[in-house]
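# Structure of the sequence below:
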Amino acid sequence: MATSRKKDSSKAKSPATFFEREPPQSIESERAVLGAIFLDPETFPKVLEIFNYNTENIFYYGPHQTIFEAMYEIYHTTQNKPDLQAVAGNLETKKLLSNVGGISYLTELSSAVATAANIGYYANIVIENALKRKLIEICSETINKTYEGQTPFKELADEAESNLFTVAMQRRTNPIYKLKDFIETFVENLEERIKNGEVLTGIPTGFQTLDEKLCGLQPSEMIVLAARPSVGKTAFALNIARNVAKTGEGGVLIFSLEMSKELLLQRLICMEGKIDGQIMRKAFAGKKIIADIVETSGRICDLPIFIDDTPSINVIELRSKARKHLYSNPEVKLIILDYLQLMSVHRRSESRQVEIAEISRQIKGLARELKVPILTLCQLSREAEKESAEPRLSHLRESGAIEQDADVVLMLYQDRKKEKEEPQIKDPLNVHLKIAKQRNGPTGIIDLSFHRRHQLFLEIGHFIEDEPSPSTISDEEEEDVFYRK
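Numbering: from 1, shown residues only. Coordinates of the predicted model:
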């Protein structure tokens with residue numbers, strides 16, 4: 001593979017490093033990749049897959065990058081094979097052929113390897129070095145910005161973490177498949193789920209009717225749980241956290257902006273041991289109660305529930321902490337945020353509505369980035385009490401962006417008419433859980449009972465589905481059409 005090639009000004013610009021060292025690179029591996037493609041142009045899609053379909057600054061040696069970009073242009077634009085003649089013609093048209101060493105260097109590359117069988121090995125070396133150079137560039141930029149002192153630390157740290165995460169994700173290839181490549185596996189898995197009676201594709205909440213309608217909490221989704229104050233949204237979220245952790249489905253990370261970790265622990269002990277929360281708040285309790293508290297604490301102490309009770313955490317801090325925690329605790333499958341309106345942004349905007357919209361967008365992006373559902377608690381406006389007993393999406397407080405970003409919107413509420421007729425305080429309370437929005441499923445109302453003393457929600461089991469639009473057909477009609485086909 002030896003060549004008389006000289007280093008020239010056409011070398012791709014590499015980032016200035018802090019130590020002024022030669023950046024990671026393997027010119028011979030680059031030659032082997034390009035030579036293998038010339039030898040067998042059918043291998044080009046495989047190389048693109050290994051590069052995760054990135055084409056910028058993959059090759060260190062400038063002429064190699066130019067040749068690869070010509071190959072990609074031919075493959076992507078004309079759907080022709082990027083063989084030697086096609087690449088030479090492309091470069092000649094753009095007057096770049098002489099810059100890469102002329103037809104003689106292209107011919108030399110085509111003879112650089114005897115077979116294209118090892119192209120995957122060399123392509124992996126090329127992308128590894130490219131990503132290392134990208135890391136150097138990111139770190140160098142961070143160092144420069146730090147010395148300049150113009151960017152706030154939290155924003156600087158979040159930007160660096162986000163860039164590092166992006167580089168890490170580039171190493172994870174997501175190949176593109178034709179239907180026939182995976183349809184058989186899909187049908188087999190579906191048949192297996194039906195055979196085993198598995199109806200959930202997401203994380204089960206522990207509430208059967210809710211799980212049936214949502215098919216569990218789906219990865220990468222932002223699920224909003226909204227309610228007026230003191231209706232029980234924190235308690236309901238804790239019920240879900242306890243159920244997820246107890247069933248072994250995964251860990252739960254809770255960001256509590258409203259309550260301390262001690263208060264959340266107290267509520268978990270109440271619901272797990274069915275202990276009266278008022279007794280726990282008092283300075284005295286009988287031996288039996290103390291024994292129950294100790295025994296319940298022992299049962300829940302090993303549950304994979306993690307709590308961060310930083311008050312007024314801003315969205316940058318939340319994203320940073322969530323990333324770090326999930327890297328070190330991959331068993332976490334659900335994030336709970338209590339609650340959205342208490343969050344702040346790192347820079348003040350012209351209105352709170354704009355800030356809430358930014359926070360909502362960042363939470364949705366974080367769910368997609370980490371591929372876990374984020375259950376986001378949210379307050380309803382006072383209009384939810386004034387206009388009717390049943391809240392609507394328009395009652396989400398301070399921003400319509402929440403409604404837009406959320407994949408699922410759940411609303412907890414009590415029947416205000418019955419409250420006026422029966423003003424006495426009851427325990428348990430009848431509470432409605434409304435599925436106000438769901439991108440991929442039905443909406444409707446689930447009846448729950450809320451045992452305030454134990455902070456425990458139980459499902460009554462009734463589900464009133466919203467009326468389908470005239471353009472839809474019923475489940476029975478759809479099933480009949482399916483089987484007649």
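# N430 should be in a strand, yeah?
Yes: if the criterion is DSSP: H, G, I helix; E, B strand; the rest coil, then N430 is within a strand.
# Tell me the spacing between it and G206.
N430 sits at a distance of 19 Å from G206 (criterion: Cβ to Cβ, to the nearest Å). Heads up, the C-betas are built off the backbone N, CA and C, glycines and all.
# same thing with P45?
Counting by Cβ to Cβ, the gap between P45 and G206 amounts to 45 Å.
# Tell me which of these two has more neighbours.
Neighbour totals were compared for P45 and G206, and G206 leads with 18 against 13 (other Cβ atoms under 10 Å).
# Need the pLDDT of the more buried one.
Taken from the predicted model, the pLDDT recorded for G206 is 85.
# now swap in the one 4 residues further on and tell me
On the pLDDT scale, L210 is placed at 86.
# before we move on, what about V87?
The pLDDT attached to V87 in the predicted structure is 90.
# Isn't it up against M71?
Yes: under the criterion of Cβ atoms under 8 Å, V87 makes contact with M71 at 5.9 Å.
# Tell me the buried residues in whatever helix or strand A241 lives in?
Under the criterion DSSP states H and E, the helix or strand holding A241 is helix 233-246. By neighbour count on 16 or more other Cβ atoms under 10 Å, the buried set for helix 233-246 is 233-245.
# repeat for stretch 218-231
Result for stretch 218-231 [16+ other Cβ under 10 Å]: buried residues Q218, P219, E221, M222, I223, V224, L225, A226, A227, R228, V231.
# List the contacts of D405.
Shown here is D405, whose contacts under the criterion Cβ atoms under 8 Å, 6 or more residues apart in numbering are M222, S360, R361, I363, K364.
# and with 10 Å instead?
Applying Cβ atoms under 10 Å, 6 or more residues apart in numbering, one finds that D405 lies in contact with 222, 224, 357, 359-365, 367, 376, 399.
# Mind checking which of the residues you listed are in strands?
With strands identified by DSSP state E, the entries of those that belong to them are M222, V224, T376.
# Burial check on E73, number of neighbours?
Other residues within reach of E73, judged by other Cβ under 10 Å, total 16.
# got it, and H325?
By the other Cβ under 10 Å criterion, the neighbourhood of H325 contains 17 residues.
# same thing with E192?
Under the criterion other Cβ under 10 Å, the count of neighbours that E192 has is 10.
# So it lies in a helix, does it not?
Yes: for E192, which was evaluated using three-state DSSP, the result is membership in a helix.
# Please report the distance of it from G248.
The span separating E192 from G248 equals 20 Å under the rule Cβ to Cβ.
# with the contacts of D405 in mind, which one is nearest to S312?
For the contacts of D405, the closest approach to S312 (Cβ to Cβ) belongs to I359, at 12.1 Å.
# which of the contacts of D405 are buried?
Burial of those was assessed by neighbour count (16+ other Cβ under 10 Å); the buried members are M222, V224, A357, I359, S360, R361, Q362, I363, K364, A367, T376, S399.
# In helices only, show me these.
Counting by DSSP state H, those place A357, I359, S360, R361, Q362, I363, K364, A367 in helices.
# any low-confidence regions in the stretch 351-485 of the chain?
Under the criterion of pLDDT under 70, the regions of the stretch 351-485 of the chain flagged as low confidence span 384-389, 397-399, 416-427, 461-485.
# So which residues of it form helices?
352-370, 383-387, 401-405, 416-421, 475-484 (DSSP state H, counting those that start in this stretch).
# Just the buried positions in stretch 304-315, please.
Neighbour-count burial for stretch 304-315 flags P304, I305, F306, I307, D308, D309, I313, N314, V315 (criterion: 16+ other Cβ under 10 Å).
# Determine which two of those residues are furthest apart.
Of all pairs drawn from these, the greatest distance, 26.1 Å, lies between P304 and N314 (Cβ to Cβ).
# Identify the residues contacting the residue lying closest to S344 once chain neighbours are set aside.
Residue nearest to S344 in three dimensions, not counting chain neighbours: N314, with 4.5 Å by Cβ to Cβ, 6 or more residues apart in numbering. N314 is in contact with K154, E155, D158, S320, M343, S344, V345, H346, R347, E355, I359, Q362, counting by Cβ under 10 Å, 6+ apart.
# residue ranges for the strands of this protein, please.
222-227, 251-256, 305-308, 332-338, 374-379, 408-413, 429-438, 444-451, 456-465.
# want to throw those into JSON lines with distance to I67?
Compiled in JSON lines, the strands of the chain are given as follows (distance: least, Cβ to Cβ, whole Å):
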{"stretch": "strand 222-227", "distance to I67": "44"}
{"stretch": "strand 251-256", "distance to I67": "47"}
{"stretch": "strand 305-308", "distance to I67": "50"}
{"stretch": "strand 332-338", "distance to I67": "45"}
{"stretch": "strand 374-379", "distance to I67": "44"}
{"stretch": "strand 408-413", "distance to I67": "49"}
{"stretch": "strand 429-438", "distance to I67": "50"}
{"stretch": "strand 444-451", "distance to I67": "59"}
{"stretch": "strand 456-465", "distance to I67": "60"}
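# wait, which of the contacts of N314 is closest to V332?
Taking the contacts of N314 together and measuring to V332 by Cβ to Cβ, the closest member is S320, at 15.2 Å.
# Done for today, thanks.
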